[in-house]
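Q: sequence plus predicted model, see below.
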Amino acid sequence: MRFFDLHCDTIYEITKKNGDIFKNDFSVSLEKTKNLKSYIGCFAVWIPDSLRGWAAFDFFEKCQKTLHAQSKKHENMVRICKSADDIEKIKNEGGNGIILTVEGSSALGGDISRVSHVKKCGVKIMTLTWNGVCEAGDGAKVNNPKGLTKFGKNLVKKLEENDIIIDISHASEKLFYDVAEICEKPIVATHSNCKKICGNPRNLTDEQIKIIKEKGGLIGLTFCKDFLSNSKNASRDDIVRHFEHFLSLSCEDNLAFGSDFDGADTPEEISSIDKIENLYEYFLKKGYKENLLDKVFFSNAYNFVNKVF
C-alpha cells in the first residue's frame with residue numbers, strides 16, 4: 001500500500017536527540033516504512049512557543065540542515081521532494097519521499113524576507129502559528145485572540161507568492177477566518193480533527209471544514225489522542241468516527257491523514273508508521289472500499305500537493 005502523511009515531528013526528534021532517519025526508537029524511520037510501496041512524509045520543523053527571534057530561525061536552520069544531511073547519508077533510500085516530478089517518482093517507482101514543512105512561522109525570526117530562504121531549503125507548507133502568540137498572530141490556545149497581525153497578513157501574501165502552502169492547524173478561529181478572507185490559494189489543515197466529535201480547541205468546526213473544502217483545500221485527520229476523543233481512552237475507533245464525520249460533510253476528495261507521529265501521544269494500535277497497514281486493514285473490515293481508502297491514505301494528498309508544487 002501507499003501512504004502520504006501530512007504531518008510528523010520526526011526531524012525535530014532526530015535533531016534534538018542526534019538520531020538517525022534509518023533506524024531509531026521514534027515512531028517514524030525508514031526501517032519502519034519498508035513494507036510500504038510508496039511513502040511520502042511531511043517532516044515538520046516544530047518551533048516551540050518558547051523560541052522567538054534569532055533563536056527560532058537558528059533552530060529551523062539546525063533542523064533543515066539535519067534533514068538534508070540525513071537525506072544525503074541515506075540517498076539510496078529517501079529523497080527530499082522539492083518538485084512535482086520528485087513526488088511523481090515516488091508514486092510511480094516506489095520508495096520514500098520527504099517534504100520539508102514548518103510548524104510555526106516564528107521560524108522566520110520575525111523577518112519576512114526569510115521566506116525566500118526557507119523556500120530554497122525546500123519548505124512547501126507552513127503553519128502561521130503554534131498554540132501561542134507569535135509575530136503572525138495567535139494560536140488555538142490563546143484567550144481573546146485578535147487574529148492576523150499586520151505581519152501575518154503580509155506573510156500570507158508572501159507565502160502564496162512563493163508557492164508555500166498555508167497550514168491553518170494550530171490557528172485560533174479568529175486567525176483562521178482572517179486567513180480564509182484574504183488567501184487566494186487553497187489552504188490545508190495538516191493535522192486537525194472534527195470539533196463536533198472532540199471539542200479540543202485544536203479541532204475544526206463544521207463551518208471551518210466546509211470553508212477549507214470550498215477553497216479546494218485539504219485536511220489531515222490526525223492520530224493525536226487529545227484530538228480524537230474527549231476521554232483519555234482514544235482508539236482507532238475514534239479515528240473511524242472522525243473519518244465518518246468528514247465524509248458526512250462531503251470531504252471524500254479533501255481528506256487525508258496527518259499522523260502527528262513523534263509529536264503527540266497516539267493510540268497503541270497506531271503508534272508508529274509500521275502500523276499504518278493495520279489501520280488500512282481495519283478500515284477494510286469496517287466495510288470501506290479500497291478506492292475510497294486509497295484516496296485518503298495517499299491520492300488526495302498527492303493530487304493536492306502535485307497541483308500546488
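A: Okay, I see it.
Q: all strands of this structure, in order?
A: According to DSSP state E, the chain carries its strands in the segments 2-8, 38-46, 78-80, 95-103, 123-127, 133-134, 137-138, 165-167, 188-189, 218-221, 255-257.
Q: and of these, who's closest to residue 152?
A: Residue 152 sits nearest to strand 137-138 of all these, at 4.4 Å, using Cβ to Cβ. All C-beta atoms are positioned from the backbone trio N, CA, C, and that covers glycine.
Q: what's near enough to touch residue 195?
A: 203, 204, 205, 206 (Cβ atoms under 8 Å, 6 or more residues apart in numbering).
Q: redo that, cut-off 6 Å
A: Contacts for residue 195 (Cβ atoms under 6 Å, 6 or more residues apart in numbering) come out as 203, 204, 205.
Q: which of these count as buried?
A: Buried by 16 or more other Cβ atoms under 10 Å: 203, 204, out of these.
Q: deepest of the strands of the chain, which one?
A: Of all these, strand 188-189 carries the top mean neighbour count, a mean of 30, counting by mean count of other Cβ atoms under 10 Å.
Q: before we move on, back to that, switch the strands of the chain over to CSV; also include mean pLDDT and distance to residue 147.
A: Formatted as CSV, these follow (pLDDT from 0 to 100; distance: least, Cβ to Cβ, whole Å):
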stretch, mean pLDDT, distance to residue 147
strand 2-8, 98, 23
strand 38-46, 98, 23
strand 78-80, 97, 34
strand 95-103, 98, 19
strand 123-127, 98, 15
strand 133-134, 98, 11
strand 137-138, 98, 6
strand 165-167, 98, 14
strand 188-189, 98, 17
strand 218-221, 98, 21
strand 255-257, 98, 27
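Q: for the ones you listed, give me CSV that also has distance to residue 148.
A: Compiled in CSV, the strands of the chain are given as follows (distance: least, Cβ to Cβ, whole Å):
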stretch, distance to residue 148
strand 2-8, 22
strand 38-46, 21
strand 78-80, 30
strand 95-103, 17
strand 123-127, 13
strand 133-134, 11
strand 137-138, 5
strand 165-167, 11
strand 188-189, 16
strand 218-221, 21
strand 255-257, 25
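Q: for the contacts of residue 195, which one is nearest residue 298?
A: Distances from residue 298 to the contacts of residue 195, taken by Cβ to Cβ, are shortest for residue 204, at 21.9 Å.
Q: how far away is the closest residue to that closest one other than its chain neighbours from residue 297?
A: Distances taken as Cβ to Cβ, 6 or more residues apart in numbering place residue 192 nearest to residue 204, at 5.1 Å, with adjacent residues excluded. Per Cβ to Cβ, to the nearest Å, residue 192 is found 18 Å from residue 297.
Q: cool, and residue 28?
A: Distance, residue 28 to residue 297, using Cβ to Cβ: 16 Å.
Q: neighbour count for these two, which is higher?
A: residue 28 (26 against 23; other Cβ atoms under 10 Å).
Q: dump the contacts of residue 195 to CSV, plus pLDDT and distance to residue 144.
A: Supplementary listing: the contacts of residue 195 in CSV, determined by pLDDT from 0 to 100; distance: Cβ to Cβ, whole Å:
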residue, pLDDT, distance to residue 144
203, 98, 20
204, 98, 20
205, 98, 18
